[in-house]
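Student: no FASTA, just this:
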């Protein structure tokens, strides 16, 4: 600012009073409102403001515009003066110099925040004076002013400073005018961009009634491709705001037009926002319309469009996810929940999963049965669970590993009807054991339809009629009533194509049952549970069981015949409901995996395209990093398909895990713990553990991904498998680059968590050595996190009542740190002692016997930094314990004497911490470390 006064060309004699000449180039700052100070002109502050706000010198007007916020603060005490300043601002906004207008607009958000804070005094000042300026500048002829006003408008919306009324009556009409077909091209393009950004900050009603019709028109703008491109890039935001109904009715036709636009940039923008659009549509539209549309983009003639489509493929597939099928629901923070395990085999029972009354099918979903998955666990289908119970039931799936880990032929499905029971033979159990893992994707997106798989298993008696012809006469009427009951439940959803197929099957079965059955009382609602096969022997002679078996087989066979009309292109090895012939034995099933005639999870072409992302040819024709995108989205795809369909992704995952690019392997390493939660412990042990072991021996860039979530992965393994990694933890101490200290820091942090996964003996034998090694690290950050690890180990030993091991560890710490020739070691001992006391790691009696004498001996250490931590430990932690305040304590007098000696220490910092009150003892001692 040395030559600042040279800019003032006014001939007035009072320029020295302006206030800027007093600041030289070495001045740290400048008070912009100095021109308000009294001078020789005898003008009031408001008069001086008027003088310089409308000066002929442009620089004067810029200075005033730049200092408007400070000017308002100066006059905020007097309402009349404040209103005068706001009127001056309004007149300044009409300045003919663009730089002055731009300076003024840059201050508007700050002024708006000040007015917001002072709203009780000036409630309408912002809406009356500033909003019209912002709106007018949106149409300013100068490009810089328009850009500044657009940025200011977005800031005001983000801060919530513009009222809804102002947006609807002042801002939106201007934006709509600027996007008229006859509007200037430059203004129109800018207005569309600001319109699309504004929409995310407005309410649904405002967008739907004011902006949506215009947005639809802009998507079809045939003259300016820039307009269509902006609309395509922001299409997902509009869909998210207006909701499903408006998206499908108004926006979907426009989206189809944009996806087939002649310009590849517009099609690329559509591919990038495809997931957001998909999230705003119903499952039927997503499957029948969006899936073929996405396949077209993936096979687009432009490489850039194909690249964007493949990058969005995994995210699009994830929109088909149905938490009711996988049994995994995300927490609010976006993480998957931990899966508890069954503690005792004898305590695991499936009898609690009996279904509720079918008459409540519109509000509550019952559990028809809980067959074992591929990984041997029973997974109740949460899509049939009431809302209140779904959270508890989905955690059940891993609780019963030990119970259902036996071969399938050890279990039978028992159908309870009143006092009579019917046992399902192994051959029929095989046909339904995958049912609960299957889902129809629309269950998640609207009120779920009733599951009739349990009822279908009781509808036909064709195959076993000859074995028990009397059964039909005894229970035919009951079967008819049950079919009619299910049909009544399905009537509210008859518009759905899937429901229509089920109704046709049930209607045919109902007619057959009515022809062959006499009158009989219908039994109460059905209950199903899984029992050992040994219990079925007593029931096998009953004809009721055989009659129900035949009904199940007949009905499912009829349903399969209906399903056979599905095109062969949609067949997939995904396991879905009713996907196997009911006459096949368990042995044959194990030899040949089932192949579903109907794929209800995701369309088969999408899965095929996703699996092709590991093809080396894709890297040449689409994107060199396509494998990385595949790896990044794989957990989401796996969650969508469910663990029962893991075999579809297993080979792809193994291919990615052995990819030559370390970035691909690194991506998998960072997400392997999440995939383990999705797959469960058995599939994890079989398929993920070998890959996890390979990552442990990979580059540091890959190993860090495993290390950051080491605890999350190990806690999902069984104890015996987890114990094997005790021998490999030492390998993390070796890195490719010894300067990579953050790697060792992360190891210490993970070990603090891992301690709880092992018993005290394993912690002492294996983790103790690693902790002591880290305590001697060259980097201070690693050492200090390792001291916390040492404290956790000590707490583990005493919590497990392993006092002998704890005493051995204390003696080792005393020798290694308290008697260390380097002062950093002795300082560390004081820190450890304080942490032990604060965390109550051990009884204070044992602390006073084994650690306190050594700690007191450091109070006379020649290094002041050691004494500082000793003073802090004694004054803020040790002396605050009731045990040491007791007059009968043997060390109470010794403690007081030591603290008094430290309070008179020659070092100022030692005296400070020795005299500080414990309530104020939050001061950081890092500078002394």
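Tutor: Arrived safely. The model shown is predicted, which means the values in this text are computed figures rather than measured ones.

Student: nearest residue to residue 894 other than its sequence neighbours?
Tutor: Spatial nearest neighbour of residue 894, excluding adjacent residues (CB to CB, 6 or more residues apart in numbering): residue 856 at 6.4 Å. C-beta coordinates here come from the backbone N, C-alpha and C atoms, glycine included.

Student: how many other residues sit next to the one you found?
Tutor: By other CB atoms under 10 Å, 18 other residues sit near residue 856.

Student: for residue 842, see how far away it is.
Tutor: Applying CB to CB, to the nearest Å, the value for residue 856 to residue 842 is 17 Å.

Student: before we move on, what about residue 791?
Tutor: Look at residue 791 and residue 842: by CB to CB, they are 10 Å apart.

Student: one more: residue 105?
Tutor: Taking CB to CB, one finds residue 105 at 65 Å from residue 842.

Student: the two: which has the busier surroundings?
Tutor: Counted by other CB under 10 Å, residue 105 and residue 842 do not tie: residue 105 has more neighbours, with 26 against 21.

Student: got phi/psi on that one?
Tutor: Residue 105 adopts backbone torsions of phi -70, psi -30, taken as degrees, to the nearest 10.

Student: touching, it and residue 149? I think so.
Tutor: Yes - counting by CB atoms under 8 Å, residue 149 is a contact partner of residue 105 at 5.2 Å.

Student: overlap in contacts, those two.
Tutor: 134, 137 (CB atoms under 8 Å, 6 or more residues apart in numbering).

Student: so what's the residue count around the closest residue to residue 53 other than its chain neighbours?
Tutor: Leaving aside its sequence neighbours, residue 53 sits nearest to residue 64 (CB to CB, 6+ apart; 4.6 Å). Other residues lying near residue 64 total 29 when counted by other CB under 10 Å.

Student: list the contacts of residue 64.
Tutor: Residue 64 touches 35, 49, 52-53, 71, 92, counting by CB under 8 Å, 6+ apart.

Student: how close does the residue nearest to residue 204 when sequence neighbours are not counted sit to residue 199?
Tutor: Ranked by CB to CB, 6+ apart and with sequence neighbours excluded, the top spatial neighbour of residue 204 is residue 241, at 5.7 Å. Distance of residue 241 to residue 199, given as CB to CB: 6 Å.

Student: now list whatever residues contact both of the two.
Tutor: residue 207.

Student: thought residue 861 was touching residue 867, still the case?
Tutor: Yes - contact criterion CB under 8 Å: residue 867 and residue 861 qualify, at 5.5 Å.

Student: of those two, who's got more company?
Tutor: residue 867 (28 against 17).

Student: now the helix or strand harbouring the more buried one: mean pLDDT?
Tutor: In this structure, residue 867 sits in helix 864-876 according to DSSP states H and E. Averaging pLDDT along helix 864-876 gives 93.

Student: ditto for stretch 797-813
Tutor: Stretch 797-813 shows a mean pLDDT of 93.

Student: list the buried residues in that stretch.
Tutor: Under the neighbour-count criterion of 16 or more other CB atoms under 10 Å, stretch 797-813 has 797-798, 802, 805-807, 809-810, 813 buried.

Student: quick check: chain neighbours aside, which residue is closest to residue 259?
Tutor: residue 270 (4.7 Å).

Student: that neighbour is in contact with residue 257, isn't it?
Tutor: No - applying CB under 8 Å as the test, residue 270 and residue 257 come out as separate, 9.8 Å apart.

Student: so these two - more neighbours on which side?
Tutor: Using other CB under 10 Å as the criterion, residue 270 and residue 257 rank with residue 270 on top: 30 against 15.

Student: secondary structure element for the more buried one, which one?
Tutor: Here residue 270 sits within helix 264-272, counting by DSSP H and E.

Student: what sits up against that helix?
Tutor: Identification of contacts with helix 264-272 by CB under 8 Å, 6+ apart yields 225, 228-229, 232-233, 235, 255, 258-261, 294, 297, 300, 302, 304-305, 307-309, 311-312.

Student: whichever of those end up buried, select them in PyMOL.
Tutor: A single PyMOL command selects the buried members of these (16+ other CB under 10 Å):
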select buried, resi 228+229+232+233+235+255+258+259+261+294+297+300+305+307+308+309+311+312
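
Student: now intersect the contacts of helix 264-272 with the strands, please.
Tutor: Using DSSP state E, no member of the contacts of helix 264-272 falls in strands.

Student: and residue 836, how many neighbours?
Tutor: 25.

Student: tell me the helix or strand right after the helix or strand harbouring it.
Tutor: Assessed by DSSP H and E, residue 836 sits inside helix 823-838. Going down the chain from helix 823-838, the next helix or strand is helix 844-850, by DSSP H and E.

Student: right, and the helix or strand after that next one?
Tutor: Counting by DSSP H and E, what follows helix 844-850 is helix 852-857.

Student: in that following helix, what's buried?
Tutor: Within helix 852-857, the residues that qualify as buried are 852, 854-856, counting by 16+ other CB under 10 Å.

Student: same question for stretch 52-59.
Tutor: 52-53, 55, 59.

Student: now do the end-to-end distance for it.
Tutor: 9 Å (CA to CA, to the nearest Å).

Student: isn't residue 306 up against residue 618?
Tutor: No - shown here, residue 306 and residue 618 do not form a contact pair, counting by CB under 8 Å, at 9.1 Å.

Student: more neighbours: which of these two?
Tutor: Legend: neighbour count by other CB under 10 Å for residue 306 and residue 618, higher for residue 306 (23 against 19).

Student: residues contacting that one?
Tutor: So residue 306 contacts 297-300, 621-622 (CB under 8 Å, 6+ apart).

Student: can you check residue 656 too?
Tutor: Per CB under 8 Å, 6+ apart, neighbours of residue 656: 614, 627, 630-631, 634, 664-665, 668.

Student: ok, the residue lying closest to residue 916 once chain neighbours are set aside to residue 310 distance?
Tutor: Nearest non-adjacent residue to residue 916, counting by CB to CB, 6+ apart: residue 875, 6.3 Å away. If you measure residue 875 against residue 310 using CB to CB, the figure is 63 Å.

Student: please, which helix or strand holds the closest residue to residue 168 other than its chain neighbours?
Tutor: Closest residue to residue 168 apart from its sequence neighbours, by CB to CB, 6+ apart: residue 206 at 6.1 Å. Here residue 206 sits within helix 204-206, counting by DSSP H and E.

Student: just the buried positions in the following helix or strand past that helix, please.
Tutor: Heading C-terminal from helix 204-206, the first helix or strand you meet, by DSSP H and E, is helix 212-219. Judged by neighbour count using 16+ other CB under 10 Å, the buried positions of helix 212-219 are 212, 214-216, 218-219.

Student: avg pLDDT for helix 212-219?
Tutor: On average, helix 212-219 scores 90.

Student: just stretch 172-182 next, same as before
Tutor: So the average pLDDT for stretch 172-182 ends up being 87.
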